[in-house]
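Undergrad: Sequence and predicted model, in that order:
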Amino acid sequence: MAAQLPGRSGAAGDAPSVDLDLIVDTFADAIAPMIDRPHAFFGHSLGALVAFELARRLRDRRAAAPIHLFVSGAFAPQLPADSAPLRFIEGETAFLEAVAAKYGGVPRIVLEQADLRASVVLALRADLTLTETYAYRSAPPLSCPISAYAGAADPIVTPERLAQWREQTCAEFSCRLFDGRHFYLNRARDTLLADVISRLFRCV
């Protein structure tokens with residue numbers, strides 16, 4: 001099942017949230033009726049932080065733990081950011097060009113069409129606010145295995161920073177790089193899914 005943050009894609013009628021605790025609590029409440037069966041989380045970039053914090057929130061609630069946590073395109077949460085924030089850049093076009101330069105993945109049509117820019121900028125600023133203001137809270141490592149993925153040419157998530165997700169689990173850890181940059185998964189989708197599925201089969 002896919003989790004959609006408010007103000008993104010199909011949830012475009014809602015205002016984007018910049019409260020990570022509220023987002024995590026909302027997701028924890030939403031999945032509560034479903035976690036009596038084996039479950040796992042996958043998150044990319046900001047989604048990796050949400051998935052990680054969701055796993056920790058379930059532990060805080062003494063709810064059933066995921067059988068596996070898959071994190072993609074995100075360096076380990078205990079590490080400080082090592083690049084300048086983007087959320088304060090003024091001007092829609094300048095902001096989108098800066099995001100495209102750092103992350104890639106901003107379609108040219110968004111840069112060219114004013115009617116798309118406003119909603120995309122609103123959502124991206126919210127995403128970046130969540131990412132850039134994230135404050136890691138020290139806690140014991142998770143009991144579930146963690147698999148970490150990234151693009152080998154991702155300038156933000158280096159192999160060294162990806163590998164430090166190892167500290168967040170006392171179970172099995174794996175780390176894999178794919179060709180590409182931050183949004184490597186758009187091209188590596190089938191290979192990535194095969195790896196995820198194979199690891200899930202080992203857990204059940």
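TA: Structure received. Please read all numbers here as calculations on a predicted model, not as lab measurements.
Undergrad: Tell me which residues touch the closest residue to residue 103 other than its chain neighbours, please.
TA: Closest residue to residue 103 apart from its sequence neighbours, by CB to CB, 6 or more residues apart in numbering: residue 182 at 4.8 Å. Where C-beta positions appear, they are placed from N, C-alpha and C, glycine not excepted. Taking CB atoms under 8 Å, 6 or more residues apart in numbering, we find residue 182 in contact with 45, 73, 103, 104, 105, 151, 154, 155, 156, 157.
Undergrad: at 6 Å what do you get?
TA: Applying CB atoms under 6 Å, 6 or more residues apart in numbering, one finds that residue 182 lies in contact with 73, 103, 104, 154.
Undergrad: which regions of this protein sit below the pLDDT cut-off?
TA: Along the chain, segments meeting pLDDT under 70 span 7-14, 105, 107-114.
Undergrad: Check whether the residue nearest to residue 103 sits in a helix, strand or coil.
TA: Look at residue 182: counting by DSSP: H, G, I helix; E, B strand; the rest coil, its state is coil.
Undergrad: mind checking how far the nearest residue to residue 187 once chain neighbours are set aside is from residue 129?
TA: Counting by CB to CB, 6+ apart, the nearest residue to residue 187 once its immediate chain neighbours are dropped is residue 180, at 5.9 Å. According to CB to CB, to the nearest Å, residue 180 stands 26 Å off from residue 129.
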